[in-house]
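Participant: okay, sequence plus prediction incoming.
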Amino acid sequence: MTASPMTAIEAAPEAATDKRLHETLSQAFAPTHLEVIDESHMHASGPSAQSHFHVVIVSARFEGCSPVKRHQLVYTAVADFLGRGPKQGGIHALAITSRTPGEWAVNPTPNSSPVCASKARPSPVAV
């Protein structure tokens, strides 16, 4: 009986989530450009939560893929992170900028991440 390969979370549970995401995406896509940006500070979870990330990934694997298909490929690669909460080494939210090398050469600017719904709401007024 063969043991199943360990996930990035199981292999290095003490490593920071951003580092494990970077490793996982590097192995899955052999990107020419990869940024894993912790955006937790933009959300109600707070700056040290490591719960909200934006990945900027440029890979030849995206050639011929629609934007939806690219996101599906990324979500499949990081599925183990999405299936766990931040306290278990997972993540709550993931924004994705996915480009081919040719697209990145023309437009090397990542997409903007959406504003957190809890940060966009006005604070309740005390009566």
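Facilitator: Structure received.

Participant: and the strand or helix carrying Gln72, what does it pack against?
Facilitator: Here Gln72, judged by DSSP states H and E, is contained in helix 67-77. Applying 3 or more C-beta pairs under 8 Å, 6 or more residues apart in numbering; DSSP states H and E, we find helix 67-77 packed against helix 17-29, strand 93-99. To be clear about C-beta, it is placed using only N, CA and C from the backbone, and glycine gets the same treatment.

Participant: wait, which of the ones you listed is closest to Glu39?
Facilitator: strand 93-99 (7.1 Å; C-beta to C-beta).

Participant: picking up where we left off before, okay, the helices and strands packed on helix 67-77 in CSV with mean pLDDT and distance to Ser66 next?
Facilitator: CSV is the format used below for the helices and strands packed on helix 67-77 (pLDDT from 0 to 100; distance: least, C-beta to C-beta, whole Å):
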stretch, mean pLDDT, distance to Ser66
helix 17-29, 93, 16
strand 93-99, 92, 10
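
Participant: pick the most buried one from these.
Facilitator: Mean neighbour counts were compared across the helices and strands packed on helix 67-77 using mean count of other C-beta atoms under 10 Å; the top stretch is strand 93-99, at a mean of 20.

Participant: what about the residue lying closest to Arg84 once chain neighbours are set aside, neighbour count?
Facilitator: Of all residues not flanking Arg84 in the chain, Gly90 sits nearest, at 2.8 Å (C-beta to C-beta, 6 or more residues apart in numbering). For Gly90, the neighbour count with other C-beta atoms under 10 Å is 18.

Participant: now Gly90: how far from Asp80?
Facilitator: 8 Å (C-beta to C-beta, to the nearest Å).
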